[in-house]
Structures are given as structure tokens and as C-alpha cells.
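K.L.:
Need coordinates for the following:
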Amino acid sequence: MQINGGAVMADPNATSASNVYAAAMLPASNASDMVEHVEMTFSSPVSDISFDVINGNSASSFVAYAFDTKGNPIGTKIVNLNCSNCSGAVAHVSFNIGGIGEVVVRSSSVSNMIDFAVDTITFNSAGAATPEPGGLALLGSGVIGLWSLRKRIFNR
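P.N.:
From the prediction side, this is the model:
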């Protein structure tokens, strides 16, 4: 997974566990310097992603978008959070779908201080499907049955 936008934080005081912790906390002197989102990009599709959005200084709304590997939107979640020192400053967000190639968390704040974090990111890697032994045995017995039926028809 690659994280873009904001900065990856390694401060042990900022997070209590060894989780991926990305924050978009940039006081901007002008609007072109603002980073209002955090992007999580995956090299291969994942499923069932979940993470926490932690708000900063002032109450704000956040939108999390899930995209497939071709950039098509496949899910959206909106959370409204209070300031960091208030109750309700953290929200758990999850997308229980497969084929996720990218997730973007965007702040709707229009102030000159975008301040939030994405923490405790978990997901399932979408591996190649492995056939069950029982399914292979059933397929094999069907092929043997068709072969014996063909042999019986041609031997008459």
C-alpha cells in the first residue's frame, strides 16, 4: 500500500500502535498549498478495508471514496466529526467490498488549516482463487463418467 497526501507520521506520541498513520495537517498560507486528502493506493486489488478517521482542531465533514483498479467509484462514506478535544472526534470507516484499488479520504473544510489523520488501516489482500479438492474430485468423476458413456455408445 502506498499513501499519498499529507505526511506519514512516525511519532510514537501521535499513535499508540505500529499502524500506518497518515495525516494531512498543513497550515496553508494560500489555497494552492493545501492538502485536503489522504490517498491509499494498492498494487493489487484488496477487499474489506477499514480505518479510523481522526479529526483535528475544528468540527468537519469527511468523505471516503473507494475506487476499483480502473478508477471507477465503487463506494462512498460520509462522516461528520467534532474537534479533537471533543467527544465524537473519531469515526471508524469500512468498505466491505472487493476489487478496491484506491481509497481517498477528503476533508470538506474550507479553512486554511486542514487537520485530520487516517489510522489503524486494515484490509484483505485479494489472492488468486484456490480450487477446493472436493470440487476437483467432482469434476474428475464427471469427466470419467462422460468418457465411459462415450466408450459404451461407440462399442455397440
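K.L.:
tell me which element Ile54 is part of?
P.N.:
strand 37-55 (DSSP states H and E).
K.L.:
Run me through the strand neighbours of that strand, direction for each.
P.N.:
As defined by DSSP bridges, the strand partners of strand 37-55 come to strand 2-4 (antiparallel), strand 90-95 (antiparallel), strand 100-107 (antiparallel), strand 113-125 (antiparallel).
K.L.:
tell me the most buried of these?
P.N.:
Across these, averaging neighbours per residue (mean count of other CB atoms under 10 Å) puts strand 100-107 on top, at a mean of 21. The C-beta positions use only the backbone N, C-alpha and C, and glycine is treated the same way.
K.L.:
Can you give the contact residues for it?
P.N.:
Residues from elsewhere that reach strand 100-107, judged by CB atoms under 8 Å, 6 or more residues apart in numbering: 24, 36-42, 45-47, 49, 51, 53, 60-71, 74-75, 93, 95, 114, 116, 118, 123.
K.L.:
Going along the chain from the strand holding Ile54, find the next helix or strand for me.
P.N.:
Sequence-wise, the next helix or strand downstream of strand 37-55 (DSSP H and E) is strand 60-67.
K.L.:
what packs against that next one?
P.N.:
Applying 3 or more CB pairs under 8 Å, 6 or more residues apart in numbering; DSSP states H and E, we find strand 60-67 packed against strand 37-55, strand 73-81, strand 90-95, strand 100-107.
K.L.:
Make TSV out of those strands and add mean pLDDT.
P.N.:
Formatted as TSV, the helices and strands packed on strand 60-67 follow (pLDDT from 0 to 100):
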stretch	mean pLDDT
strand 37-55	89
strand 73-81	93
strand 90-95	93
strand 100-107	90
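K.L.:
Show me the one of those strands that comes nearest Gln2.
P.N.:
Closest to Gln2 of the helices and strands packed on strand 60-67 is strand 37-55 (CB to CB; 4.8 Å).
K.L.:
got the strands paired with strand 37-55 as TSV, with distance to Ala137 columns?
P.N.:
Output for the strands paired with strand 37-55, formatted as TSV (distance: least, CB to CB, whole Å):
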stretch	distance to Ala137
strand 2-4	42
strand 90-95	36
strand 100-107	34
strand 113-125	28
